[in-house]
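*Asks:* Need a 3D model of the sequence below.
(4 chains)
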Protein chains: 2
Amino acid sequence: MARTGRKPTIKDLAQAAGTSPATASLVLNGGWKDHRINPDTAERVLQLAQSLGYRPNQRARALRLNRSSLAGLIVPHHRNRFFAGLTEHFEAESHMRGLIPLVASTQRDARIEQKLADTMIAQEVEFLVLAGTEEPARINALCREAGIRCVNVDLPGGLGFSVVTDNHGGARDLTRRLMGGLAPETGALFLGGRRNEYATEARIDGFRAALAESGRDPDASAIHCCGYSPQAACDTMAAIFARGGEIPKALLVNSITAFEGFARFWQAHASDLPDLRVACFDWDPFAACLPIETIMLRHDVETLIARCFAWFDGAAPRDGEIEVIPARVVVDDTQPGATVALYRSQQT
Amino acid sequence: MARTGRKPTIKDLAQAAGTSPATASLVLNGGWKDHRINPDTAERVLQLAQSLGYRPNQRARALRLNRSSLAGLIVPHHRNRFFAGLTEHFEAESHMRGLIPLVASTQRDARIEQKLADTMIAQEVEFLVLAGTEEPARINALCREAGIRCVNVDLPGGLGFSVVTDNHGGARDLTRRLMGGLAPETGALFLGGRRNEYATEARIDGFRAALAESGRDPDASAIHCCGYSPQAACDTMAAIFARGGEIPKALLVNSITAFEGFARFWQAHASDLPDLRVACFDWDPFAACLPIETIMLRHDVETLIARCFAWFDGAAPRDGEIEVIPARVVVDDTQPGATVALYRSQQT
DNA sequence: GTCACCTGCTAAAAGGATTTAGCAAATCTC
DNA sequence: GAGATTTGCTAAATCCTTTTAGCAGGTGAC
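*Replies:* Residues are numbered from 1 along each chain as shown, chains lettered A, B, ... in the order given. This next block holds a predicted model:
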């Protein structure tokens, strides 16, 4: 008789079906044909599993099989479309492989990041994706030690495999469009990000390359890497404005957070500003609705994540290799009738 | 001798320390004082655990202790500040309790929702929060059967405990501010959400109550519940506009997604529109920067999640009870110098 | 009748940690 | 020095599932 008041175990199920736990297990896991279990017996077990509401204990199963069935993702936070997109595609790809996604955010706090990584490793995730992590090398090393496959997204690290957006090409294309049709003497300003950070430096290079292409002096343009806080970007713009109003007509904003700071600044000073044209290395649906000439680019989050899983699925380990994914221009209000709003009709 | 090439187990550790696994376990779990383990032995075990890099197998531990240490959250998606905020606070509260947060998004697909709930229950999460789920009753019932504590957030269900934003009061306050100073004959329009859905109906009631208060006829105002897609909201506005331009000066928008649709409409027709004043039952930093007179309200995500965990922590089970959390007005551009941007300085 | 083979199942051993009951040796008591 | 007590530890059971090796009983071949 099955113990009452408790979740049924495979023993209860076996007892009810008049078989051994081994038989029940074989039936439930589909291996019963190879093991010459009588179809009648199999049917009986299946029926009873249903009617008893038997659910295998996942922890016992994982222990025996030595598989955690967990896939980990560490992101800075969920408050923009880039990270939200990474998370959602990561969930989808995990589910497709029967893995349970374990998503955690660091709030850009190094201690939290370390703790989360420790937790993920302690849980023996089968796969770990580090997105937007500035110093992934240490966590990469821990993973290697623990035998866990690990990929860096967006900011590549020294160890293992990385997948990044084409920062140079994206910034170059954005800048080309940004400057298109503007007088040759028009200067440009670069706002946001951190100096010496991989992505930011690559974007600055792309920005300069496009300026040089169009016969402009790349060194004449101002680079203001004021970090990732909206407030800092807003303050930086305000400081430039206060120093005599030398706001260039064209602006390349390095991230959506910096763009948020710019939008605040713009809101406060719109009437005093010249006509601006702004490009942003990121996308947000509301930002795209501001009445400013805007070009926005969207990281191809789907492909970024897909490439991580493709590597996990079996491509040979490629140490130090960086795979570059092109970005997509999503909104371009400066070119009438052009590539507008690929994603505007997206359901949310 | 410890087996080489494998992760050390507690047996390896015990062997290295010259003790039994039982002793090692007692030392590692802090119960060694009660069990009269010699401090020298304890010290030796601890040292060796460190130097061997011993990490307990979490699955074996969870099996023995019959605890999953998992806390589940199901949300529709991560693409707005409300759900992103719920997720982040859920993560924080989980970590504070030594639980591992398992966050999953349904993309508003009922089948995915059911699958996720099944997974969560199969994993025996110790606590499950259902946010923005339209029909939580079935999942509530499954949880009850499995002995899992379950809370509904935002959309309450028939079973168990729910925590919701003060929809009626919030909409009433928003509407009061929205209509403040406007001529008594000014009408208002309600946009977005679904009829017969708890939150939407409560907000419509609040909206009407505030209109009645100010001597207006609540039945004269148009209610357009066009769902949660931006496109539908945009189309609805465009249809009203096309039917003769009868766009009222005041608009209450039911969600940030509907507001996204409104913003698209506004972008396309700004020059042909009268001066608008818009209130939104939700908040987004970019939306708050649009050059429209705007009032936004922010769900108190922190408190919503805190109350869920407070209940989980031990308050008596309260069946069918709904706890109501006040919302906060965050941005009010219609009242110069008023409560502006409580959250604008937030780091992102 | 013996041997080989097939059929349908089961016993038992992992997998790694935790915990209870209790053992042997040392120390104390008088 | 016998009995009681304390000290410091361990054996073994337990959590639940999966899987391997193999057992009994039946059938067929000759």
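*Asks:* I figured residue A:20 was touching residue A:13, is that so?
*Replies:* No - if you go by C-beta atoms under 8 Å, residue A:20 and residue A:13 don't touch, sitting 10.7 Å apart. Any C-beta I mention is one placed from the backbone N, CA and C, and that applies to glycine too.
*Asks:* Of the two, which one has the most company?
*Replies:* Using other C-beta atoms under 10 Å in any protein chain shown, the more surrounded residue of residue A:20 and residue A:13 is residue A:13, with 23 against 13.
*Asks:* how near is the more buried one to residue A:52?
*Replies:* 6 Å (C-beta to C-beta, to the nearest Å).
*Asks:* what does the stretch 151-300 of chain A put close to chain B?
*Replies:* By C-beta under 8 Å from any C-beta of the partner chain, the residues of the stretch 151-300 of chain A that approach chain B are A:228-231, A:257, A:260, A:263-264, A:266-267, A:270, A:284-287, A:289-291.
*Asks:* sec struct for residue A:268, please.
*Replies:* At residue A:268, secondary structure determined by DSSP: H, G, I helix; E, B strand; the rest coil is helix.
*Asks:* Kindly report the same for residue A:297.
*Replies:* strand.
*Asks:* Are any of the residues of the stretch 151-300 of chain A next to chain B buried, and if so which?
*Replies:* Among those, the ones that count as buried by 16 or more other C-beta atoms under 10 Å in any protein chain shown are A:228-231, A:257, A:260, A:263-264, A:266, A:284-287, A:289-290.
*Asks:* Can you list which of those residues are found in helices?
*Replies:* Residues of those located in helices (DSSP state H): A:230, A:231, A:257, A:260, A:263, A:264, A:266.
*Asks:* Now do the contacts for the residue nearest to residue A:211 when sequence neighbours are not counted.
*Replies:* Excluding its sequence neighbours, the residue lying closest to residue A:211 (C-beta to C-beta, 6 or more residues apart in numbering or on different chains) is residue A:218, at 4.5 Å. Taking C-beta atoms under 8 Å, 6 or more residues apart in numbering or on different chains, we find residue A:218 in contact with A:207, A:208, A:209, A:211, A:212.
*Asks:* Please pick the buried ones from the residues you listed.
*Replies:* Buried among the contacts of residue A:218 (16+ other C-beta under 10 Å): A:207, A:208, A:209, A:211.
*Asks:* which one of these sits closest to DNA strand C?
*Replies:* residue A:207 (51.7 Å; C-beta to the nearest atom of the strand).
*Asks:* any idea how far the closest one is from chain B?
*Replies:* 23 Å (C-beta to the nearest C-beta, to the nearest Å).
*Asks:* Need the mean per-residue confidence for the host helix or strand of that residue.
*Replies:* Per DSSP states H and E: residue A:207 is located in helix A:198-213. Mean pLDDT, helix A:198-213: 95.
*Asks:* what does stretch A:62-78 give?
*Replies:* The pLDDT scores in stretch A:62-78 average 96.
*Asks:* Just the buried positions in that stretch, please.
*Replies:* In stretch A:62-78, counting by 16+ other C-beta under 10 Å, buried: A:62-63, A:68-78.
*Asks:* Repeat that for stretch A:38-54.
*Replies:* A:41, A:42, A:44, A:45, A:48, A:49, A:54.
*Asks:* Can you tell me which of those residues is closest to DNA strand D?
*Replies:* The closest of the buried residues of stretch A:38-54, once distances to DNA strand D are taken by C-beta to the nearest atom of the strand, is residue A:54, at 6.9 Å.
*Asks:* And the residue of the stretch 201-348 of chain A that's closest to chain B?
*Replies:* Using C-beta to the nearest C-beta, the closest approach of the stretch 201-348 of chain A to chain B is made by residue A:286 at 3.5 Å.
*Asks:* Quick check on the closest residue to residue A:153 other than its chain neighbours: phi, psi?
*Replies:* Nearest residue to residue A:153, sequence neighbours excluded (C-beta to C-beta, 6+ apart): residue A:131, at 4.2 Å. Backbone torsions for residue A:131, taken as degrees, to the nearest 10, come to phi -110, psi 130.
*Asks:* Over to residue A:312?
*Replies:* The phi/psi pair for residue A:312 (degrees, to the nearest 10) is phi -60, psi -40.
*Asks:* Report the backbone C-alpha coordinates of stretch A:310-327 in PDB.
*Replies:* The C-alpha trace of stretch A:310-327 is given here as PDB (Å, rounded to 0.1, in the frame of the first residue of the first chain):
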ATOM      1  CA  ALA A 310      25.400  26.300 -31.500                       C
ATOM      2  CA  TRP A 311      28.800  26.200 -29.900                       C
ATOM      3  CA  PHE A 312      27.500  24.500 -26.900                       C
ATOM      4  CA  ASP A 313      25.800  21.900 -29.100                       C
ATOM      5  CA  GLY A 314      29.100  20.700 -30.300                       C
ATOM      6  CA  ALA A 315      31.300  22.900 -32.300                       C
ATOM      7  CA  ALA A 316      34.900  22.200 -31.400                       C
ATOM      8  CA  PRO A 317      36.200  24.300 -28.500                       C
ATOM      9  CA  ARG A 318      37.700  27.400 -29.900                       C
ATOM     10  CA  ASP A 319      39.900  29.200 -27.400                       C
ATOM     11  CA  GLY A 320      40.100  32.900 -27.500                       C
ATOM     12  CA  GLU A 321      38.000  33.000 -30.600                       C
ATOM     13  CA  ILE A 322      35.500  35.800 -31.100                       C
ATOM     14  CA  GLU A 323      32.500  35.400 -33.400                       C
ATOM     15  CA  VAL A 324      31.200  38.700 -34.700                       C
ATOM     16  CA  ILE A 325      27.500  39.200 -35.400                       C
ATOM     17  CA  PRO A 326      26.300  42.000 -37.600                       C
ATOM     18  CA  ALA A 327      23.900  44.500 -36.000                       C
END
